[in-house]
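Visitor: okay, predicted coordinates and the sequence, questions at the end:
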Amino acid sequence: MSTDTAVYWDPYDVRFTDDPYPTYARLRDEAPLYYNEPHDFYAVSRFADCERGLPDWRTFPSSRGGILELVKSGIELPPGTLIFEDPPIHDTRRSLLARVFTPRRIGALEPSVRDFCARTLDPLVGAGRFDLVAAFGIEFPMRVIGMLLGIPEADQVAIRDTADSRLRTEAGGQMTVDASNFRFDEFGEYIDWRTDNPSDDLMTDLLNAEFEDENGVRRTLTRDEILTYTTVVAGAGNETTGRLIGWMGATLDRHPDQRRELVENPALVPNAVEEILRYEPPGPFIARYVASDVEFHGRTVPAGSAIMFIIAAANRDERRYPDPDRFDIHRRTSQQLTFGLGMHYCLGAALARLEGRVALEEILKRFPQWQVDWSGAKLAQTSTVRGWETLPLVIG
């Protein structure tokens, strides 16, 4: 974009999809508090402003949603969505999920996750060419969520497609917001079946977990509450992790020397995943409702506004990171904002890191070299995610 006019940024404008980072740099320098008049929202892009705002639930509550279309719609969100709730009800529900979403349970998934990678990637060896997103990235996250919830493999694809369609928009378009976005029924039959057939999985734990609710009543979750929880868990982890797989393929193609280092020393893979998450976050921004007047950079954001926290810009803020536009698998990052911050820090962050680590280890083990056929690659951005729709790899 030209630098001889006032900086402009629009999350729906496809002109910003391929490389938004020069515009983000201009926002940080020229308009750290930015106002978009056509869509009537404010935005902050510096790390310090995101670090200040994201945990401040009183000023920037989540109860109106975390996506710009939701915030501006004014629609009443159903209880149990968790990521769209505030204290005290949020704390009660999150603590319940945290009790069953444990490090032990996440860690126990690794052999099954690695086995799925092997079963999916092994048939591609010798193919010479395949689409990383279509062959692996689309399938992988829902299979892992299915393992966690105990969903039979035969049912996982249909559930994934339903969850994806709820948040998907056309490039440059906005998400349609109505009651259908929150009609959580794809897990209904499975929940009823699992009620009669308990197992060692997250769903059974949710069915049996006792807790004290916000009214002081000791009880288990209702069927509707479990429906909402499981839909949120499945939806939140599916699209973003699938995009992460694509960013691994694209970013390491552009940095073949660092890819070679990872092949030679797999111990570097966990930090490489962390750097990819910082460098190309699948969820580039988080929206919030502004509950009371708040000041940024000497200007007031009035109550009732919508504000965007552009975490993809904050993750490359030179005020926080040295040489932030350089991809470096050796970078030591004490904190990046891809998983959010504060009480809404992603509950599935440990699972996403496990998925990223195992997937990258298994990909590099079988395909130490590749080139992206950029003529066939398609990058898409919606109001929730940015990532590759297609990413054809030429092997060797």
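Guide: Everything's here; your move.
Visitor: buried residues of whatever helix or strand residue 205 lives in, list them for me.
Guide: Using DSSP states H and E, residue 205 sits within helix 202-208. Across helix 202-208, burial judged by 16 or more other Cβ atoms under 10 Å covers 202-207. For the C-beta atoms, the positions are set from N, CA and C on the backbone; glycine is no exception.
Visitor: one more: stretch 48-59?
Guide: So stretch 48-59, judged by 16+ other Cβ under 10 Å, has buried residues 49-54, 57, 59.
Visitor: tell me which two of those residues sit farthest apart.
Guide: The widest separation within the buried residues of stretch 48-59, taken as Cβ to Cβ, falls between 49 and 57 and amounts to 16.0 Å.
Visitor: quick one on the thing from earlier: show me which of the buried residues of helix 202-208 is closest to residue 101.
Guide: residue 202 (7.0 Å).
Visitor: just to be sure, which of the buried residues of stretch 48-59 are found in helices?
Guide: Judged by DSSP state H, the buried residues of stretch 48-59 include 49-53 as members of helices.
Visitor: any idea which helix or strand comes after the helix holding residue 205?
Guide: Next element after helix 202-208 (DSSP H and E): strand 210-212.
Visitor: that following strand pairs with which strands?
Guide: Paired neighbours of strand 210-212 in the sheet (DSSP bridges): strand 218-220 (antiparallel).
Visitor: ok, now how distant is the residue most central in space within the chain from residue 52?
Guide: For the chain, the residue lying nearest the average C-alpha position, counting by Cα atoms, centre = their mean, turns out to be residue 240 (3.8 Å). Computed as Cβ to Cβ, to the nearest Å, the residue 240 to residue 52 distance reads 24 Å.
Visitor: same question, residue 27
Guide: Using Cβ to Cβ, one obtains 16 Å as the distance from residue 27 to residue 52.
Visitor: quick one: the strands in the stretch 201-350 of the chain?
Guide: For the stretch 201-350 of the chain, the strands defined by DSSP state E, counting those that start in this stretch occupy 210-212, 218-220, 286-289, 294-296, 299-301, 306-309.
Visitor: make JSON lines out of those strands and add mean neighbour count, distance to residue 233 and mean pLDDT.
Guide: Compiled in JSON lines, the strands of the stretch 201-350 of the chain are given as follows (neighbours: other Cβ atoms under 10 Å; distance: least, Cβ to Cβ, whole Å; pLDDT from 0 to 100):
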{"stretch": "strand 210-212", "mean neighbour count": "12", "distance to residue 233": "17", "mean pLDDT": "86"}
{"stretch": "strand 218-220", "mean neighbour count": "11", "distance to residue 233": "17", "mean pLDDT": "90"}
{"stretch": "strand 286-289", "mean neighbour count": "24", "distance to residue 233": "18", "mean pLDDT": "96"}
{"stretch": "strand 294-296", "mean neighbour count": "16", "distance to residue 233": "31", "mean pLDDT": "98"}
{"stretch": "strand 299-301", "mean neighbour count": "15", "distance to residue 233": "32", "mean pLDDT": "98"}
{"stretch": "strand 306-309", "mean neighbour count": "24", "distance to residue 233": "23", "mean pLDDT": "98"}
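Visitor: so which of those strands comes closest to residue 141?
Guide: Per Cβ to Cβ, nearest to residue 141 of these: strand 286-289, 19.8 Å.
Visitor: what's downstream of the worst-scoring helix or strand of the chain on mean pLDDT, the next helix or strand?
Guide: Using mean pLDDT, DSSP states H and E, helix 153-167 stands out as the lowest-scoring helix or strand of the chain, at a mean of 62. On the C-terminal side of helix 153-167, the closest following helix or strand by DSSP H and E is helix 188-196.
Visitor: can you report how many residues lie near the residue lying closest to the residue nearest to the centre of the chain once chain neighbours are set aside?
Guide: Leaving aside its sequence neighbours, residue 240 sits nearest to residue 282 (Cβ to Cβ, 6 or more residues apart in numbering; 4.3 Å). The number of residues packed near residue 282 is 23, by other Cβ atoms under 10 Å.
Visitor: and the residue lying closest to residue 55 once chain neighbours are set aside, how many neighbours?
Guide: Among residues not flanking residue 55 along the chain, residue 342 sits closest, at 2.8 Å (Cβ to Cβ, 6+ apart). Counted with other Cβ under 10 Å, the neighbours of residue 342 add up to 13.
Visitor: I'd guessed residue 342 sits against residue 58; true?
Guide: No. Using Cβ atoms under 8 Å, residue 342 makes no contact with residue 58, being 11.4 Å away.
Visitor: pLDDT weak spots in the protein?
Guide: 1-4, 78-81, 156-185 (pLDDT under 70).
Visitor: returning to what we had before: the residue nearest to residue 240 touches residue 384, doesn't it?
Guide: No. Counting by Cβ under 8 Å, residue 282 sits too far from residue 384 to count as a contact (9.2 Å).
Visitor: between the two, which contacts overlap?
Guide: Common neighbours of residue 282 and residue 384, using Cβ atoms under 8 Å, 6 or more residues apart in numbering, are residue 239.
Visitor: show me the contacts for residue 198.
Guide: 204, 207-208.
Visitor: let's have these in TSV, adding distance to residue 361.
Guide: As requested, the contacts of residue 198 are exported to TSV (distance: Cβ to Cβ, whole Å):
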residue	distance to residue 361
204	30
207	34
208	34
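Visitor: what sits against residue 208?
Guide: Here residue 208 is in contact with 198, 220 (Cβ under 8 Å, 6+ apart).
Visitor: and it, how far from residue 198?
Guide: 8 Å.
Visitor: can you check residue 236 too?
Guide: 25 Å.
Visitor: cool, residue 287 as well?
Guide: 39 Å.
Visitor: same question, residue 76
Guide: 34 Å.
Visitor: relative to the whole chain's centre, how far out is stretch 197-211?
Guide: Mean-position distance between stretch 197-211 and its chain equals 25 Å (Cα atoms, centre = their mean, to the nearest Å).
Visitor: end to end, how far does that stretch reach?
Guide: Stretch 197-211 has an end-to-end distance of 22 Å (criterion: Cα to Cα, to the nearest Å).
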